[in-house]
Structures are given as C-alpha cells and as structure tokens.
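Chemist: sequence and predicted structure are below.
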Amino acid sequence: MKTEITQAQIDAYQQNGFVVIDDLLTPQELEEWREAVDEAVNSRGKQRILGRTETQSDDSYYNHVFVQRVNLWQDNDKMRELMIDARLGKLAADLAQVEGIRIWHDQALIKQPWSNPTGWHLDNPYWSFHSRDAISIWVALDDATVHNGCLYFLPGTHKLATYDNVGIGQNIGDLFKVYPDWAKLEATPAPMKAGSCSFHNALIAHGAGANMTPGLRRAMTCAYMPDGSTFNGQRNILRPEQIERLQIGDILDDDRQVPLIYHRSKPYVTLETLPVGEW
Ligand SMILES: O=C(O)CCC(=O)C(=O)O
Ligand SMILES: [Fe+2]
C-alpha cells in the first residue's frame, strides 16, 4: 500500500476538495480487496445498513444506482482487517490536516451493468456529526471510467457548502436547487485505474455517471470522522438505542462504533485491541 503522499497532493486536496492517488494498492492487495469485498457483500445479503430492515423495493431507482452495503467492517473479519488500518487513517489525517481519524462508516458501492448515475450530493449533511474536515476514501476495485460511472467533482465547493441537505433523489441535479450558483460550474471527472483511490472532502459536491457498460464498477469506500467530532442529533447509521443514549454535543468516541484508527499523539485501536461487542 502506498503510504507516502506529497505536499502537492495535500495542497491540491485542501484547494480542490479532492485528490486522486494512483496505485494505492499493489496488484496483490487489489486482488485481496476484491475478494474480501465480494465475499462480504454476498454474505451480507440484502441488508443495506447493518441492523436495519429495508423498505426499498428491489426495482427502486436507488437500488439501481448501486449495490450499497454499509459497515462491512462490523460483520466481516476480513473487511475489519482491511478497514482498521492506521496507514489509511494517516493518509486521511494528513490530507485533512487533523489529529486523529475515526471510521464513520465504510461502504461497498457496486454499480452493476447499466446502473443509474449517482446524483449530485454532499456527504456530511447526512451524517450524525458535522465537520468541515470529514473525508472519505473511494478505492476503485475495477477501472473507473467515464463510461462505467467514475466519480465527478465540483472543485472548491467544499469551501462554500453548508449543512443543508437535499436527499439523493432521481433527479441528479436537485442539489442545484439549494446551490444555484454551482449549476454553472464545470465538473471534473475522476477516472482511475483499479487499485487507485480518491479522497474527497465530505462537503464537496460530487456524483457519479451511469454505468453504460456490461461490466461492474466496484468501489470500496470509507467515510472518516475527525476525532473529537460531536453528535448533531441526526440518526444516519446509528441505532435507535444509541441515539437514545446521546445528547446533542456529546463527543462520538466509542471505538466499538467509531473506531479511532489513527492519531498523532494518543493511542489508537488496532485489530488486536479493537473492543468487541455492540455499543
Ligand atoms: O460511487 C459512487 O457512485 C458514489 C460515491 C460517493 O458518493 C461517495 O463515496 O461519497
Ligand atoms: Fe458521496
């Protein structure tokens, strides 16, 4: 795994709100990630978010944007091994310029052949904490191209975004009802080879194209929360019992739900020290 990033990459990330890092994974690691993600997604079955019953019908528009399976690290040993990795945490911390990184949630996002586009959206407004420094990694498990649904970004929008949310609906441009000025910007596509990755700020406007090919566009992603972030009252992936125990303003710091995978000056969890059980 590539563990070094340059100052130019950090500057580009801070300026544009995203950066592509070529060849994050070695060919052997890529094979390992593909196998682990395929296995974890298959054994999860239809449960999109762990512990939650679905209401979406199989033929809904959203189900044909991608197969989405959230928090595979929590129910799959191999995915836990891949996700609880201080090297990934350090890359995220260096780019975001924060002290410590917790996993908010991972997700496999698999665009099957002939999938719908992913509408323009911001990530952080959905989450149970607000941070201008939250960051996500998106690892391509297949070559991501403009034909099969690579990501697109509106550079710089992370600096202007607020926490107002619009749901990802069927109209890919609905975000521009909230941010009309952004409708005039040119999007930057982020094609990348399998094994490469991008990092994006969780407030940057982004989306992905349709999959116009008969092949898969698989991606493994992880949303990261800067250590010290506080509960904002939103449910997102938290279970009702967890919400009941939280007050707005509480620091989200339970390693069973939001493991601290890297910190510059305090101990962080490893596979061996990760506490087990539900929070
Ligand atoms: O892979 C996609 O289609 C969308 C990915 C995305 O929105 C994200 O990783 O935040
Ligand atoms: Fe997103």
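Modeler: In hand now; what should we look at? Numbering: from 1, shown residues only. Ligands and ions are numbered 1, 2, ... in the order given.
Chemist: all contacts plus neighbour counts: C-alpha atoms, from now on.
Modeler: Noted.
Chemist: distance of the closest residue to residue 186 other than its chain neighbours relative to residue 126?
Modeler: Using C-alpha to C-alpha, 6 or more residues apart in numbering and skipping residues adjacent in sequence, the residue nearest residue 186 is residue 154, 6.9 Å away. Look at residue 154 and residue 126: by C-alpha to C-alpha, to the nearest Å, they are 19 Å apart.
Chemist: next SSE downstream of the longest helix seen in the chain?
Modeler: If you go by DSSP state H, the chain has its longest helix at helix 27-44. Later in the chain than helix 27-44, the nearest helix or strand by DSSP states H and E is strand 67-70.
Chemist: after that following strand, next one along is what?
Modeler: Per DSSP H and E, the first helix or strand lying C-terminal to strand 67-70 is helix 72-75.
Chemist: next, the buried residues of the helix or strand following that next one.
Modeler: Downstream of helix 72-75, the next assigned helix or strand under DSSP H and E is helix 77-83. Residues of helix 77-83 classed as buried by neighbour count (16 or more other C-alpha atoms under 10 Å): 78-80, 82-83.
Chemist: and for helix 77-83, what are the contacting residues?
Modeler: The contact list for helix 77-83 (C-alpha atoms under 8 Å, 6 or more residues apart in numbering) reads 33, 36-37, 40, 72-74, 106, 222, 271.
Chemist: report the buried members of the residues you listed.
Modeler: Buried among these by 16+ other C-alpha under 10 Å: 33, 36-37, 40, 72-74, 106, 222.
Chemist: of the contacts of helix 77-83, closest to ligand 1?
Modeler: Closest to ligand 1 out of the contacts of helix 77-83 is residue 222 (7.4 Å), distances taken as C-alpha to the nearest ligand atom.
Chemist: where does the residue lying closest to that closest one once chain neighbours are set aside sit: helix, strand or coil?
Modeler: Nearest in space to residue 222, with sequence neighbours left out and distances taken as C-alpha to C-alpha, 6+ apart, is residue 106 at 3.9 Å. Following DSSP: H, G, I helix; E, B strand; the rest coil, residue 106 is assigned to strand.
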